[in-house]
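**Q** using only what follows, build the 3D model:
(one chain, ligands or ions: 1)
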Amino acid sequence: MAKHIFVTGGVVSALGKGIAAASLGNLLTARGLKVVLQKFDPYLNVDPGTMSPYQHGEVYVLDDGAECDLDLGHYERFTDVTLTQDNNLTAGKVYEAVLYNERKGKYLGRTVQVIPHVTDEIKRRLRLPAAKDSAVDIIITEIGGTVGDIESLPFLEAIRQLRLESPQADTCSVHLTLVPYIEAAGEIKTKPTQHSVAELRSIGIQPDFLICRARQRIGDDARRKIALFCNLPPEFVFDGQDVRSIYEVPLNYHAQRMDDLVCQRLQIEAPREADLTDWERMTRIILDPPDRVRIAIVGKYIELKDAYKSISESFVHAGIPHHVGVDPVWVDSESLEGRDVGERKFAEVFRDCHGVLVPGGFGDRGIQGKINAVRHAREQGLPFFGICLGMQCAVIDIGRDLASLDMANSSEFDPATPHPVIHLMEDQQYIEMMGGTMRLGAWPCVIAPGTLAHRCYGQTEISERHRHRYELNNAYREALQRAGLVFSGTSPDGCLVEIMELAGHPFFLAVQFHPELKSRPDRPHPLFRGFVGAAVEHQRAARAPQQQA
Ligand code: GLN
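**A** Alright, predicted model coming up:
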């Protein structure tokens, strides 16, 4: 029988519930337990696939093609499992299922209600990972939103019922709260935590553990006070102080014996103690790398770092084997377009950068700026890495500049372009619905031996995750090849270009897929690793003449 851990948050949003859940998952996995993490979001969208990154950050895509909340990225990175569409549920999906059942006549004439029909569906989904795999020891379910929101009520009610129906040792509740520091009073305040726990208890859930998010450790007096008012032993109130790197969080929890106490509470005999030696070593390099490189990320959602979460994390991972920290330099693609943007501007923007990455995206805003960035990196011999839309921009740049295809473009941005070097995939042409209809999830790709891509991967057959509607137009393959472009990776039938590179450049590589979704801290993605390696080389070369002088 799998045990359940429910993770909720109170006082404010953005407390880092996802990292907390992932970190607890990390520790329990390290103890030899089989852990599944899932995220239940109270909003009505069926999935986040149609949402703007400004709403919920990046859309994280799984192998099976599910478009998910970005917390699933943290789960995969911290526990190194491959999740599925079962592991992300929204209120929209719950209602979709309930209404479908109603239309099918499954409720036998009864009035369909939030209790029991909606809550039953949520409970079914809470238990689903165990129903599908009897080897699962622990299911950690994070509930999105903040306790007290109207929208999250059915989810919390389902948890209350599930707890009531289960033996006490089978479920536990972990609640994150904010313990703010009030400047004027010069002290931290526990009242918001007390209120938030009172709110949770009024719904019928007494939390078993509290994680206090605060700037610093809260101290034993505050811990005792919180414990007393929230009806908990003080050692069940954990410090969740701010840390420099999210990879420190499992170490912080372990130092407070969180995994021990959770196992005790759930009466689980874990096969072993958690050995965090490797994780500690890795975190030390992340925190204090001997050197640093700077990579420009040219995008249009740069004010919102969550829009490129997996890319940022992939750089953290890729720096580790090179013993460098990667500092992202966020460049607004719209600032690189317009008549007055001359060579001087580019030299200024990219002056101290050792590489340029153009990430994925949708729509034509800022496109010319991205194309200009590709050209700058290409002409200056600056390592370049293009991802999805980034690859499409590289094809446009090379089409226009090296293959003499005047006004070449993607038909996404200019439907009337004389040279649609990027065009809609054939099976996308008749699709009208927006949600869940792109080319999604893991697809195989074959790599040509002897190419840069091959050197990075060290193998010729790979599988990567996708999320796109457009592709390189095969009618232009020859022209682009003549211009110097090498198609180093394609779908196994050869029809779809997945990876391209430019010979004679230190590192110019672009991909149609999203490698950032498969990077893990202990297994950096080969392309990010290769790209950061090229950036390190570039920096070394730039330093050499200075040192000689
Ligand atoms: N808009 C492009 C497409 O649909 C790129 C998508 C992306 O970067 N994820 O193909």
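**Q** may I see the buried residues of the longest helix anywhere in the chain?
**A** What stands out as the longest helix in the chain, according to DSSP state H, is helix 526-548. Within helix 526-548, the residues that count as buried by 16 or more other CB atoms under 10 Å are 526-539. In this view, the C-beta of every residue, glycine as well, is placed from N, C-alpha and C.
**Q** so how far is the ligand from residue 489?
**A** To the ligand, residue 489 is 16 Å away according to CB to the nearest ligand atom, to the nearest Å.
**Q** how about the residues of this structure by the ligand?
**A** Residues of the chain lying close to the ligand (CB under 6 Å from any ligand atom) are 360-362, 388-389, 412, 467-470.
**Q** out of those, which are inside helices?
**A** Among the residues of the chain next to the ligand, the members falling in helices (DSSP H) are residue 389.
**Q** can you redo the residues of the chain next to the ligand as CSV with pLDDT and neighbour count?
**A** Compiled in CSV, these are given as follows (pLDDT from 0 to 100; neighbours: other CB atoms under 10 Å):
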residue, pLDDT, neighbour count
360, 94, 24
361, 93, 23
362, 91, 16
388, 97, 23
389, 97, 25
412, 95, 19
467, 96, 21
468, 96, 21
469, 95, 16
470, 96, 22
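**Q** least confident secondary structure element in this protein?
**A** helix 53-56 (a mean of 83; mean pLDDT, DSSP states H and E).
**Q** neighbours around residue 463, how many?
**A** Residue neighbour count, defined by other CB atoms under 10 Å, stands at 12 for residue 463.
**Q** hang on, the earlier thing: any buried residues in the least confident helix or strand of the chain, and which?
**A** In helix 53-56, counting by 16+ other CB under 10 Å, buried: 53, 56.
**Q** how far off centre is that helix?
**A** 13 Å (CA atoms, centre = their mean, to the nearest Å).
**Q** helix or strand right after it?
**A** Per DSSP states H and E, helix 53-56 leads on to strand 60-61 as the next helix or strand towards the C-terminus.
**Q** if we look at that next one, which residues are touching it?
**A** If you take CB atoms under 8 Å, 6 or more residues apart in numbering as the criterion, strand 60-61 is touched by 67-73, 309-310, 440-441, 465-467, 514, 517.
**Q** out of the residues you listed, which is nearest to residue 495?
**A** residue 466 (14.2 Å; CB to CB).
**Q** same for the one helix or strand residue 24 maps to, what does it pack against?
**A** Per DSSP H and E, residue 24 falls inside helix 17-30. Counting by 3 or more CB pairs under 8 Å, 6 or more residues apart in numbering; DSSP states H and E, the packing neighbours recorded for helix 17-30 are strand 3-9, strand 35-41, helix 71-79, strand 138-143, strand 171-178, helix 249-255, helix 258-265.
**Q** in a markdown table: the ones you listed, plus mean pLDDT and mean neighbour count.
**A** Conversion of these to a markdown table gives the following (pLDDT from 0 to 100; neighbours: other CB under 10 Å):
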| stretch | mean pLDDT | mean neighbour count |
| --- | --- | --- |
| strand 3-9 | 98 | 25 |
| strand 35-41 | 97 | 25 |
| helix 71-79 | 97 | 26 |
| strand 138-143 | 98 | 25 |
| strand 171-178 | 98 | 24 |
| helix 249-255 | 98 | 20 |
| helix 258-265 | 98 | 19 |
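**Q** one step back: out of the buried residues of helix 526-548, who's nearest residue 504?
**A** residue 534 (13.9 Å).
**Q** quick one: the closest one and the ligand, what's the gap?
**A** Residue 534 is 22 Å from the ligand, by CB to the nearest ligand atom.
**Q** closest residue of the stretch 151-300 of the chain to the ligand?
**A** Of all residues in the stretch 151-300 of the chain, the one sitting closest to the ligand is residue 299 (10.3 Å; CB to the nearest ligand atom).
**Q** pull the number of nearby residues for that residue.
**A** 27.
**Q** surely it and residue 328 touch.
**A** No. The criterion here is CB atoms under 8 Å, and residue 299 misses it with residue 328 at 10.2 Å.
**Q** how much space between residue 195 and residue 177?
**A** Going from residue 195 to residue 177 by CB to CB, to the nearest Å gives 9 Å.
**Q** ok, back up a step: which ones are touching the residue of the stretch 151-300 of the chain closest to the ligand?
**A** Residue 299 touches 307-308, 330-333, 358-359, 361, 366, 370, counting by CB under 8 Å, 6+ apart.
**Q** what do you get if the cut-off is 10 Å, keeping everything else the same?
**A** 53, 307-308, 311, 330-333, 357-361, 366, 369-370, 373, 389-390 (CB atoms under 10 Å, 6 or more residues apart in numbering).
**Q** so how far is residue 77 from it?
**A** Taking CB to CB, one finds residue 299 at 21 Å from residue 77.
**Q** could you check the pLDDT of the residue of the stretch 151-300 of the chain closest to the ligand?
**A** At residue 299, the pLDDT value in this model is 93.
**Q** bridging residues for it?
**A** residue 332 (DSSP bridges).
**Q** about what we covered before: got any residues that touch both of residue 195 and residue 177?
**A** Residues touching both residue 195 and residue 177 (CB under 10 Å, 6+ apart): 10-11, 147.
**Q** I'd say residue 91 and residue 125 touch.
**A** No. Residue 91 lies out of contact with residue 125 (CB atoms under 10 Å); the separation is 11.3 Å.
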